[in-house]
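>>> Sequence and predicted structure, then a few things I'm wondering about:
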Amino acid sequence: MPDNSVLSLNGKPTQPLGVGFPYFAALPADLYRSDLVSFVEITPETLCRQRANGTTTQIEIIPDRIATAQDTCARLPVVVHGVELSIGSAHGLNDAYLQMLDSFQKEWPFVWHSEHLGFQTIAADNDSTLEIGVPLPMPATVEAVELVAGRSTAIQQRYSVPFLLENPAHYFSALPADPEIGNEYGFLTAFTEKSGCYLLLDLHNLYCNAVNHHFDAREVIDTLPLDRVIEIHVAGGSWRDGFWMDAHDGRVPEPVWELLEYVLPSVPNVAGVVFELLEDYAIRLGAPAIENELKRAWQIWNVRHGAN
Amino acid sequence: MALIDFQTALGRMLREQNRDDYRRDISLDEGESRYFENLRDTAEFRFYAGVQRSWCIARATKAAHLTLSLLPPEERERLLDEWVDSGSGAQSFFFVEAESFLDFIGAYLVNRPREFTVCQFERATLRASNGANVFVSPDPATLKQPDCCVRRGSYAAVVRLAEVFSDGVTVMFSPGLPQLWHEPSSEEMDLWEALDSPTSVSTLLDSGHSLETLERLLTHGAIEYSD
């Protein structure tokens, strides 16, 4: 079992992990056994199935899938990157997800845990839960910050590892905002102050928003609480109907690599950079192209960390 | 604006793109109502709506690839539109979404034997492969206990392919088989037919079904213990 005691709860990394990659069962296991991947990011839901249990639903870990993943990634530290929690849903978050994560942590301890800032469920007319079908952004309001911060603090205590929130890509240029919070990036600052939790800075999401909403990503980076950034994502996207979409469908655009070069010297507690892809596109892109992207990430990481 | 009202209105606007009553049971003042009305007219909302719709269609298409491939493109498109317009297609777990959509499409195809059979085949494959993820072969020794009852397996199905193949093959899907299906023997089919409701093992044995057949189908997951 790998050493997962890399971070203490005060978020001070004792040992940066380096460059990571998501776990995909369909990719060659050799990729996860190479020097190019020094930690693995697991989305636990991909190893699970959902099952109705009376009026509620359960998310169950599929034993064979987690066993295969553990075998493939045996030497690597693991971080969890969830998508089903819907941490910002005002009607309630996904308790079934947290119950599943309780079991997951017992089977496969993780170094930290991250989720997306946003909501993807609403209450139905009969008070059951409706999935919207796409993740949506939070308004930059005091109520929203307090809701997410309170839940995040509880989650961080529940798992006794740092909890990170990821800045989302979204396509709305005018979201409701309170003056005390300002905007979505003010939300991240207020969130870290109120929750004691951390940030996953997704540079491709920031790039998307900068392209679609016409602002300078570097100016925004300079306003963020960079000492709270533990993990960074880089990813690819594509144009669709006049918007640059956070599609995770290919190589990292050059401006995103440049943002990584810009921000790395300013994030003292960063412990890892992950190249994100969707599984279907990872298969299409293929291992050699993925390895090239990982090498590029290592080059930038090593400049910051003084390695050869 | 209260967070829950913002989220409910926005979520409904995207889920119910053909309805105008997204404000039902929500308290919005004039300015807040104007915010949503203006939002609906923006390119960014239309983009979100397009992404939401295309993701819902992609989930359904992935679920019923085989059945949909038998239908003419216009009919396929109309069925997918009807599915998404009903608010479906948004579930993130594949098997939940797939089973719901195959039920929907099966009801539509019930009077078209060939397409209906393929739909049943696809649904049976899906259920068995979902069951295979968690199936643990039960101990057949329990069959010999007094009052033991069995029923058809939760992830099992029988599909008769007479409408598709001239030789009328019947296949039995079971989550415990490596390839998920086999061509059942006449004894196995007799037992399957007898289990249209949970039945005690003693009744089945008295009716001439063999313990060997019961044990075989039990270990495959074609039948299971019933409380």
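Structure received.

>>> Check what pLDDT A:Leu7 gets.
On pLDDT, A:Leu7 comes in at 58.

>>> give me phi/psi at B:Gln160?
Small correction: residue B:160 is Arg, not Gln. phi -100, psi 120 (degrees, to the nearest 10).

>>> Report how many residues lie close to the closest residue to it other than its chain neighbours.
Counting by Cβ to Cβ, 6 or more residues apart in numbering or on different chains, B:Thr170 is the residue found nearest to B:Arg160 once chain neighbours are left out, at 4.8 Å. Glycine gets a C-beta too; all of them are placed from N, C-alpha and C. By other Cβ atoms under 10 Å in any protein chain shown, the residues close to B:Thr170 number 14.

>>> per-residue pLDDT, B:Thr170?
93.

>>> Repeat that for B:Phe95.
87.

>>> Would you confirm that it contacts A:Thr57?
No. The criterion here is Cβ atoms under 8 Å, and B:Phe95 misses it with A:Thr57 at 11.9 Å.

>>> residues contacting the nearest residue to B:Leu66 once chain neighbours are set aside?
Distance criterion Cβ to Cβ, 6+ apart; nearest residue to B:Leu66, sequence neighbours excluded, is B:Glu122 at 4.7 Å. For B:Glu122, the contact set (Cβ atoms under 8 Å, 6 or more residues apart in numbering or on different chains) comprises B:64-67, B:102.

>>> So which bits of chain B are right by chain A?
B:1-4, B:6-8, B:10-12, B:14-15, B:24-25, B:35, B:39, B:42-45, B:47-48, B:50-52, B:55-56, B:87, B:89-93, B:95-96, B:130, B:133-134 (Cβ under 8 Å from any Cβ of the partner chain).

>>> Mind telling me what element the closest residue to A:Ala190 other than its chain neighbours is part of?
Distance criterion Cβ to Cβ, 6+ apart; nearest residue to A:Ala190, sequence neighbours excluded, is A:Val145 at 4.6 Å. If you go by DSSP states H and E, A:Val145 is part of helix A:142-159.

>>> Any buried residues in that helix, and which?
A:142-145, A:147-149, A:151-152, A:155-156, A:159 (16 or more other Cβ atoms under 10 Å in any protein chain shown).

>>> ditto for stretch B:23-38
Buried, per 16+ other Cβ under 10 Å, within stretch B:23-38: B:23, B:26, B:28, B:32, B:35-36.

>>> quick one: which of the residues you listed sit in strands?
Among the buried residues of stretch B:23-38, no residue falls in strands (DSSP state E).

>>> which one of those residues is nearest A:Asp280?
Using Cβ to Cβ, B:Phe36 comes nearest to A:Asp280 of the buried residues of stretch B:23-38, at 34.0 Å.

>>> Correct me if wrong: that closest one contacts B:Tyr22.
Yes. B:Phe36 is in contact with B:Tyr22 according to Cβ under 8 Å; the separation is 7.3 Å.

>>> can you list residues touching both of the two?
B:9, B:13.

>>> So A:Ile221 sits against A:Tyr262, correct?
Yes. The pair A:Ile221 and A:Tyr262 passes the contact test of Cβ under 8 Å, sitting 6.8 Å apart.

>>> Which one's more surrounded, the two?
A:Ile221 (20 against 14).

>>> where does the more buried one land in three-state SS?
helix (DSSP: H, G, I helix; E, B strand; the rest coil).

>>> got the contact list for it?
Here A:Ile221 is in contact with A:201, A:206, A:259, A:262-263, A:266 (Cβ under 8 Å, 6+ apart).

>>> For chain B, see how far away it is.
Here A:Ile221 is placed at a distance of 23 Å from chain B (Cβ to the nearest Cβ, to the nearest Å).

>>> Also A:Ser114?
18 Å.

>>> mind checking the SS state of that residue?
A:Ser114 ends up strand, using three-state DSSP.

>>> Ramachandran angles for the nearest residue to it once chain neighbours are set aside?
Once flanking residues are discounted, A:Ser114 sits nearest to A:Leu164: 3.9 Å by Cβ to Cβ, 6+ apart. With angles defined as degrees, to the nearest 10, A:Leu164 sits at phi -110, psi 140.

>>> Please report the number of neighbouring residues for A:Leu164.
Neighbours around A:Leu164, by other Cβ under 10 Å: 25.

>>> again, but for A:Val220
For A:Val220, using other Cβ under 10 Å, the count is 17.

>>> pLDDT wise, what is it at?
You'll see A:Val220 listed with a pLDDT of 98.

>>> Please apply the same query to the one 5 residues further on.
What the model reports for A:Pro225 is a pLDDT of 97.

>>> What of A:Glu146?
98.

>>> quick one: stretch A:123-140 to chain centroid distance?
20 Å (Cα atoms, centre = their mean, to the nearest Å).

>>> Can you show me the CA trace of it as PDB?
Taking Å, rounded to 0.1, in the frame of the first residue of the first chain, the C-alpha atoms of stretch A:123-140 are listed here in PDB:
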ATOM      1  CA  ALA A 123     -35.700  19.100  -6.000                       C
ATOM      2  CA  ALA A 124     -38.500  17.600  -8.000                       C
ATOM      3  CA  ASP A 125     -42.100  18.800  -7.500                       C
ATOM      4  CA  ASN A 126     -42.600  15.700  -5.300                       C
ATOM      5  CA  ASP A 127     -39.400  16.600  -3.300                       C
ATOM      6  CA  SER A 128     -37.400  13.700  -4.800                       C
ATOM      7  CA  THR A 129     -34.100  14.600  -6.500                       C
ATOM      8  CA  LEU A 130     -33.800  15.500 -10.100                       C
ATOM      9  CA  GLU A 131     -30.600  15.400 -12.100                       C
ATOM     10  CA  ILE A 132     -30.300  18.400 -14.400                       C
ATOM     11  CA  GLY A 133     -28.000  16.600 -16.800                       C
ATOM     12  CA  VAL A 134     -25.200  19.200 -16.800                       C
ATOM     13  CA  PRO A 135     -23.300  20.800 -13.900                       C
ATOM     14  CA  LEU A 136     -24.200  24.400 -13.300                       C
ATOM     15  CA  PRO A 137     -22.300  27.300 -11.500                       C
ATOM     16  CA  MET A 138     -23.100  28.800  -8.200                       C
ATOM     17  CA  PRO A 139     -24.100  32.400  -7.700                       C
ATOM     18  CA  ALA A 140     -21.500  34.500  -5.900                       C
END
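
>>> got the contact list for stretch A:285-299?
So stretch A:285-299 is contacted by A:18-19, A:21, A:27-28, A:30-31, A:34, A:36-37, A:234, A:250-252, A:257, A:260, A:273, A:275, A:277, A:282 (Cβ under 8 Å, 6+ apart).

>>> List only those of those flagged as buried.
A:18-19, A:21, A:27, A:31, A:36-37, A:234, A:250-252, A:257, A:260, A:273, A:275, A:277, A:282.

>>> Inside helices: which ones of the contacts of stretch A:285-299?
A:257, A:260, A:282 (DSSP state H).

>>> Could I get the average pLDDT for stretch B:192-202?
96.

>>> The residue nearest to the spatial centre of chain B and A:Ala235, how far apart?
By Cα atoms, centre = their mean, the mean C-alpha position of chain B lies nearest to B:Glu99, the distance being 1.4 Å. Distance, B:Glu99 to A:Ala235, by Cβ to Cβ, to the nearest Å: 31 Å.

>>> Please apply the same query to A:Ala217.
14 Å.
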